[in-house]
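S.K.: Could you work out the structure for the sequence below:
(2 chains)
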Amino acid sequence: MRQITVISGKGGTGKTSLVAAFASLASPCVVADCDVDAANLHLILQPLSERMEPVEFRSGNEVIVDPDRCTGCGVCQEVCRFGAIQLCPTQTTGPSTDQSTDWSTDLPTDPPEQTQLADGAQTVEQGYRVAVDALVCEGCGACVDACPTGCLSLREKVAGELRAEDMRYGVIVRGRLGIAQATSGKLVNLVRTKACEIASQIGSELVLIDGSPGIGCSVISSLTGTDLAVIVAEPTVSGIHDMGRAVELCKHFSVQPLVVVNKSDLNPEAAAQLVRAAELCGATVVGEVNYDPIFPKAAVSGKTVLECAPESSAAAQIRAIWRRIAQLASAGKKGAERMQDTPIR
Amino acid sequence: MLEGTVAVASGKGGTGKTTVAVNLAYVYGGPITLLDCDVEEPNSHLFLSPDWSGTQAISVLNPAPIDEVCTGCGECRMHCRFNAIAVFGGRPLVFPELCHSCGACLLACQSHALVEVRREIGVLEYGTFDRGPETERGELIHGRLNVGEAKSPPLIEAVRRRAVSGAGAGSCSHLTIIDAPPGTSCPVIATVKGVDYVVLVTEPTPFGLNDLRLAYEMAAALRLKVGVVINRADIGDSGVRDFCKEAGVPILEELRYDPEVARAYSRGMIAAKALPEYRGIFSHLLSRIEEEMSEQ
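M.R.: Numbers count the residues shown, from 1 in each chain, chains lettered A, B, ... in the order given. Coordinates of the predicted model:
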């Protein structure tokens, strides 16, 4: 069973459209949508039914505050390195005072004042309570560890979800990260693990991984341990620059990089430059695909390019590219393994 | 004249963020700073061709044990919520790629046996770029993450801090434009938090719509004002327009697909410089942003 990761460095080069087309050629296969920030593959591959209940992705911590035990000492704010803690003023029972405090900058040095009222009742005049900015909090627990009253605690949070669904070319496994959540790399690992598990179950030879743009943690998690990387590049100054960094990333993680030049006829001169640049940095160029307005049209209608325009030159180019990729993926195996397996179509 | 900090973001990659950011910076009449916070794949400099004035290595802090003092108690490992510390042979082993530099391990250590060491994750580069004979040069600050580094937010934060302390800050009329990375998770949060306005660039396709919704939710979670630019507006469907109407998000501009612009872009040219009619289009976008920012 082989894993092939498709990345781009630069966004918008046509990665997802090509992955969908490859999936149709490799059918039945398992596709892992690891662009967990903004997963799109299901819009083309159109899941038919769930293979399993969606699974909650639990990762990272949030801080829970017990306001009754907080004395407003501010130690939590001192130790937080992410600016996630603010002390907010609170007014509790008793007559209102005309004290005003700039709560954003001042820490109280004394405990909240106690006032003896005429009728003997005591009341807390002005206090401070901890507010944690969940969007900035990294869940490190330093505040919890430092708090002298134990009013802070950590709770693991639901950071996203994982789904596995049948689709017309096999199975799609996809992860969705919650808004403003971290640990995308961890979710990508989960998506890949589930995809490989399902591939074994259904006897599929291939897991096709759709990565995210960039070169950061979710891309790294899509690449480590994969058998081949396909970088979908575009013939523009930005495209050449970003392809270079994507190739460097593949080599950093010892993954063989292949390059596909997409929309190659938009700028033939730049396409030639891109091919030269790719070869110079040690990548193998496996083919070029012409720009075809059928790409956006196919995406709009939820189909692959091969379904929409099977006779087009772009379709022929994609088929030839996939044959080359499949050959290289099979060739990568050691001799003994190759003898036992059926080749990827 | 428009002032403040405007971020140009999107959910989906390749919608035209850098094109919009670079062109807005080029046509703006006053002092401008462009921050390229797409530190994984910075592109703005390819169009602006800046004269670089300087570079700064950016590092994060990772813990390291002092062997002579460490008792091997393992408190550091127990307090690390990121599994970045293991204990082997009675000594802590740190995995810097997992470390969030939070300092919880140092707080937990009873023997003062941990120090923090700097580890470089990338560089920050700054310079100025030409905006034509009539206008003063703009300032460009970008970050470039080292290939193999997983986490971009610390470098993004360094780029943003530099803008606040840099040359342009404090001028009476000053605009900062931020070119954001694609996506909706922590790199984008670090890029856009606290800005005055977010321009979301999208395309009228199901991909564009899907990712626009996510980006809009993210901006809403951060309580940021949002406007939308629809790029390649004539190729696709009406989903994005319908969404903006439903959600009450203003559409600031619709840019038609123009093969001349695509060609200029592929050559690393600024549209407003190469194709004069785009100067007017991007100036109009600036005034739309100003209009929306001044509305309650």
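
S.K.: I'd like to know how many residues surround the nearest residue to B:V69 once chain neighbours are set aside.
M.R.: Nearest residue to B:V69, sequence neighbours excluded (Cβ to Cβ, 6 or more residues apart in numbering or on different chains): B:A113, at 4.1 Å. C-betas here are computed from N, CA, C, even on glycine. B:A113: 22 surrounding residues under other Cβ atoms under 10 Å in any protein chain shown.

S.K.: Check B:A113 and give its pLDDT.
M.R.: Looking at B:A113, its pLDDT is 96.

S.K.: What separation is there between it and chain A?
M.R.: Using Cβ to the nearest Cβ, to the nearest Å, one gets 17 Å for the distance from B:A113 to chain A.

S.K.: Show the low-confidence segments of chain A, by residue range.
M.R.: Across chain A, the ranges flagged by pLDDT under 70 are A:91-127, A:333-345.

S.K.: how about a cut-off of 90?
M.R.: A:37-38, A:67-68, A:71-72, A:87-129, A:135-136, A:178-184, A:266, A:292-297, A:299-301, A:330-345 (pLDDT under 90).

S.K.: so where do the strands sit in it?
M.R.: A:2-7, A:29-33, A:49-50, A:55-65, A:85-90, A:114-116, A:122-124, A:127-132, A:152-167, A:170-177, A:206-210, A:228-233, A:257-262, A:284-289 (DSSP state E).

S.K.: Excluding chain neighbours, what is closest to B:F95?
M.R.: Nearest non-adjacent residue to B:F95 (Cβ to Cβ, 6+ apart): B:A84, at 4.9 Å.

S.K.: residues contacting that neighbour?
M.R.: B:94-96, B:98-100 (Cβ atoms under 8 Å, 6 or more residues apart in numbering or on different chains).

S.K.: In a markdown table: those, plus neighbour count and distance to B:H142.
M.R.: Shown next, in a markdown table, are these (neighbours: other Cβ atoms under 10 Å in any protein chain shown; distance: Cβ to Cβ, whole Å):
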| residue | neighbour count | distance to B:H142 |
| --- | --- | --- |
| B:V94 | 20 | 30 |
| B:F95 | 13 | 29 |
| B:P96 | 17 | 24 |
| B:L98 | 15 | 27 |
| B:C99 | 21 | 25 |
| B:H100 | 22 | 24 |
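
S.K.: I'd like to know which of those residues is nearest to B:S44.
M.R.: Set against B:S44, the nearest of the contacts of B:A84 by Cβ to Cβ is B:H100 (28.2 Å).

S.K.: got the residues of the stretch 151-296 of chain B near chain A?
M.R.: B:151-152, B:181-187, B:189, B:193, B:205-207, B:210-211, B:214, B:217-218, B:221-222, B:232, B:235-237, B:262-263, B:265-268 (Cβ under 8 Å from any Cβ of the partner chain).

S.K.: quick one: the residue nearest to B:F95 and B:S283, what's the gap?
M.R.: When Cβ to Cβ, to the nearest Å is applied, the distance between B:A84 and B:S283 equals 49 Å.

S.K.: So stretch B:6-22, near chain A or not?
M.R.: Yes. Applying Cβ under 8 Å from any Cβ, one finds that stretch B:6-22 is in contact with chain A at B:11-15, B:18.

S.K.: what are the ranges of the strands in the stretch 151-296 of chain B?
M.R.: For the stretch 151-296 of chain B, applying DSSP state E, counting those that start in this stretch gives strands covering B:175-179, B:197-202, B:226-231, B:251-255.

S.K.: Please identify the pairing partners of the second one and their relative orientation?
M.R.: Paired strands of strand B:197-202, with direction, are strand B:4-9 (parallel), strand B:226-231 (parallel) (DSSP bridges).

S.K.: how about those strands, which one is nearest A:E288?
M.R.: Across those, closest to A:E288 is strand B:226-231 (Cβ to Cβ), at 24.6 Å.

S.K.: For residue 85, give me its contacts.
M.R.: Going with chain A. Counting by Cβ under 8 Å, 6+ apart, the residues that A:I85 touches are A:76-77, A:130-133, A:143.

S.K.: try again with chain B
M.R.: Per Cβ under 8 Å, 6+ apart, neighbours of B:I85: B:63, B:76-77, B:92-95, B:105.

S.K.: In CSV: those residues, plus secondary structure.
M.R.: Formatted as CSV, the contacts of B:I85 follow (DSSP: H, G, I helix; E, B strand; the rest coil):
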residue, secondary structure
B:P63, strand
B:C76, helix
B:R77, helix
B:P92, strand
B:L93, strand
B:V94, strand
B:F95, coil
B:C105, helix
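
S.K.: all helices in the stretch 1-150 of chain B, in order from the N-terminus.
M.R.: B:17-27, B:44-48, B:75-79, B:104-108 (DSSP state H, counting those that start in this stretch).

S.K.: Check the ones you listed for me and report the most buried one.
M.R.: Among these, helix B:17-27 has the highest mean neighbour count (mean count of other Cβ atoms under 10 Å in any protein chain shown), at a mean of 27.

S.K.: could you say what helices and strands that helix packs with?
M.R.: strand B:4-9, strand B:32-36, helix B:44-48, strand B:175-179, strand B:197-202, strand B:226-231, helix B:271-274, helix B:277-294 (3 or more Cβ pairs under 8 Å, 6 or more residues apart in numbering or on different chains; DSSP states H and E).

S.K.: Would you mind putting the ones you listed into a markdown table with mean pLDDT alongside?
M.R.: Converted to a markdown table, those look like this (pLDDT from 0 to 100):
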| stretch | mean pLDDT |
| --- | --- |
| strand B:4-9 | 97 |
| strand B:32-36 | 97 |
| helix B:44-48 | 98 |
| strand B:175-179 | 97 |
| strand B:197-202 | 98 |
| strand B:226-231 | 97 |
| helix B:271-274 | 96 |
| helix B:277-294 | 96 |
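
S.K.: Noted, bye for now.
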